[in-house]
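Chemist: I would like to see how this sequence folds:
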Amino acid sequence: MSDTIDSADLEKRASELVDLARKAGADAADAVVVRGRSRSVSVRLGKVEATEASESDDFSLRVFVGRRVASVSANPGFDLKLLAERAVAMAKASPEVPLPRSPMRTGWQAPIPTSTSSTPPPFPRIR
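Modeler: Here you go, the predicted model:
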């Protein structure tokens, strides 16, 4: 890859992507950058037939708008502002994520042990 972007620049652009998402209306956002490199060699009848190499950089952005969430991904050449705006629009169109049930909200209480011995009770037998 002749136009390889250095890691510091990728990190800076990921931070910029999060800032753009906040400006586009996200309450919170996080970004991940993945750099992939692979090489392969094909051998037939003991002779090298082909060699290949590939490299890629990808961004992934997750945004939160209230209790709505959306994720998008693209390569670094993509317009970061457009990516952030699309993610926020997707989150706004998504259904709300239900809140997890909390023991405090449901009134659930843990059972209080009644045994005074120091050994725990045996596990129930499964038949």
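
Chemist: For the rest of this, base every contact and every neighbour count on C-alpha atoms.
Modeler: Will do.

Chemist: need the helices for this structure, in chain order.
Modeler: Secondary structure of the chain (DSSP state H): helices at 7-23, 80-93, 103-106.

Chemist: Using JSON lines, lay out the ones you listed together with mean neighbour count.
Modeler: Converted to JSON lines, the helices of the chain look like this (neighbours: other C-alpha atoms under 10 Å):
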{"stretch": "helix 7-23", "mean neighbour count": "17"}
{"stretch": "helix 80-93", "mean neighbour count": "20"}
{"stretch": "helix 103-106", "mean neighbour count": "8"}
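
Chemist: Lowest average confidence across the ones you listed, which one?
Modeler: For the helices of the chain, mean pLDDT drops lowest on helix 103-106, to a mean of 54.

Chemist: ok, A14 - contacts?
Modeler: When the contact criterion is C-alpha atoms under 8 Å, 6 or more residues apart in numbering, the partners of A14 are A31, V32, V33, F59.

Chemist: Can you report how many residues lie near the nearest residue to the first one once chain neighbours are set aside?
Modeler: What it means is A31. For A31, ignoring the flanking residues on the chain, the nearest one in space by C-alpha to C-alpha, 6 or more residues apart in numbering is L61 at 4.5 Å. Look at L61: counted by other C-alpha atoms under 10 Å, it has 21 neighbours.

Chemist: My read is that L61 contacts S73, right?
Modeler: Yes. Because the distance of 6.1 Å satisfies C-alpha atoms under 8 Å, L61 is recorded as touching S73.

Chemist: can you pull the buried residues of the strand ranked longest in the chain?
Modeler: When the chain is parsed with DSSP state E, its longest strand is strand 47-65. Within strand 47-65, the residues that count as buried by 16 or more other C-alpha atoms under 10 Å are D57, D58, F59, S60, L61, R62, V63, F64, V65.

Chemist: With that, I have no additional questions.
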